[in-house]
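Trainee: Dropping the sequence and predicted coords here.
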Amino acid sequence: MTNAFPQASADGAPPPRTIALVGKYHSPEIAESIRLLARYLHERGITVLIEEETADNVVSHLALGSWASGSFPWLGAHSDLAIVVGGDGTMLNAARQLARYRVPLVGVNQGRLGFMTDIARTEMLSCMDDLLDGRFIPETRMLLDAEVNRDGRGIVCNLALNDVVVDKGAIGRMIEFELFIDGEFIYHLRSDGLIVATSTGSTAYALSANGPILHPGVSAIALVPLCPHALTNRPILVGDRNEIEIRIVHATDSRAHFDGQVTADLKNGDVVRIRRSEYSITLLHPPAYSYFAMLRQKLHWSERPKEH
């Protein structure tokens, strides 16, 4: 186990003194968790900052007069660490917003599966003891840079931690597109779309489309077709330094989705270019964290049938 901050770290990095709290969007039930965390951290001498939408969301449930609140850029400039309370969707948004500021993230699960928010709410305060004492496992996750080009100019740029998805939109009809990798033509495909996923995103939408599960230590990008008309078209992995280009040939209502949270409409002739981002995020896990144990738990591997 590697110490995340401490006195014992090789580079002498100090423990966090200012911690941001980010809560699930429009979810009043996280108010009590935010209150407990803010009070606990304050009692440990930590300066507590609260993301502004989180503060607005819980203001009627929690006295926030003691804690400053602000935007993600403000948190990024002033925080040593961010604790995200919610599900993976909350973590995805926080990761994209804070990646450029290189703020490490800790996830407290108050959602559903929680592949990235791996601390149970019932254990969050004891895990904070480990965190502040430097007993956490840091793990780096890559992000994708995606750009939509139309008529030779970029019209949309976004980061994605999970995936970039090009699909058929609301119309019940396949789209046609061409795939290029580093400028080399790979195939012309008619399908419902294509998922371009990181290792983090390999357990998200790509998994439901029969994509492979990639360990976070694998430097690769998964290309997973959605309902391809050519059944021999299978998911493939490419290196994380390859540039992927999707050229829309024919589509009535095609769209590009970034982590399933940001959407851009596409037209015939549009080009979606995807590459590894210069930014990455650091997730901090509890000392007992195991990626494969997490998969067993979340995906219910090795469970015996329940007796009635």
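Mentor: Good, I have the coordinates.
Trainee: For beta bridges, what are the partners of residue 156?
Mentor: On the basis of DSSP bridges, residue 156 is bridged to residue 148.
Trainee: which residues sit in contact with it?
Mentor: Applying CB atoms under 8 Å, 6 or more residues apart in numbering to residue 156 gives the contacts 146, 147, 148, 256, 264. For every residue, glycine as well, the C-beta is placed using N, CA and C.
Trainee: what do you get if the cut-off is 7 Å, keeping everything else the same?
Mentor: By CB atoms under 7 Å, 6 or more residues apart in numbering, the contact list for residue 156 reads 147, 148, 264.
Trainee: just residue 146 next, same as before
Mentor: Contacts for residue 146 were tallied using CB under 7 Å, 6+ apart; they are 158, 160, 164, 258, 272, 274.
Trainee: Compute the distance between the fifth one and residue 125, please.
Mentor: Summarising the geometry, the distance separating residue 272 from residue 125, computed by CB to CB, to the nearest Å, is 44 Å.
Trainee: More neighbours: which of the two?
Mentor: A count of neighbours by other CB atoms under 10 Å puts residue 272 above the other of residue 272 and residue 125, at 24 against 14.
Trainee: okay, the helix or strand encompassing residue 97 in CSV with CA atoms only?
Mentor: Assessed by DSSP states H and E, residue 97 sits inside helix 88-98. What follows is helix 88-98 as a C-alpha-only set of coordinates in CSV (Å, rounded to 0.1, in the frame of the first residue of the first chain):
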residue,chain,number,x,y,z
ASP,A,88,-20.6,7.1,-10.3
GLY,A,89,-22.4,9.8,-12.2
THR,A,90,-21.5,12.3,-9.5
MET,A,91,-17.9,11.1,-9.7
LEU,A,92,-17.8,11.4,-13.5
ASN,A,93,-18.9,15.0,-13.4
ALA,A,94,-16.5,15.9,-10.6
ALA,A,95,-13.6,14.2,-12.4
ARG,A,96,-14.1,16.1,-15.7
GLN,A,97,-14.4,19.4,-13.8
LEU,A,98,-11.4,18.9,-11.6
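Trainee: Start at 671, not 1
Mentor: Yep, numbering from 671; the last one is helix 758-768 now.
Trainee: contact partners of that helix?
Mentor: When contacts are defined by CB under 7 Å, 6+ apart, helix 758-768 is touched by residues 692, 694-695, 742, 746, 752, 754, 775, 777, 781, 783-787, 829, 831-832, 929, 931, 951.
Trainee: Now list the buried members of those.
Mentor: The neighbour count (16 or more other CB atoms under 10 Å) marks 692, 694, 742, 746, 752, 754, 775, 777, 781, 784-787, 829, 831-832, 929, 951 as buried among the contacts of helix 758-768.
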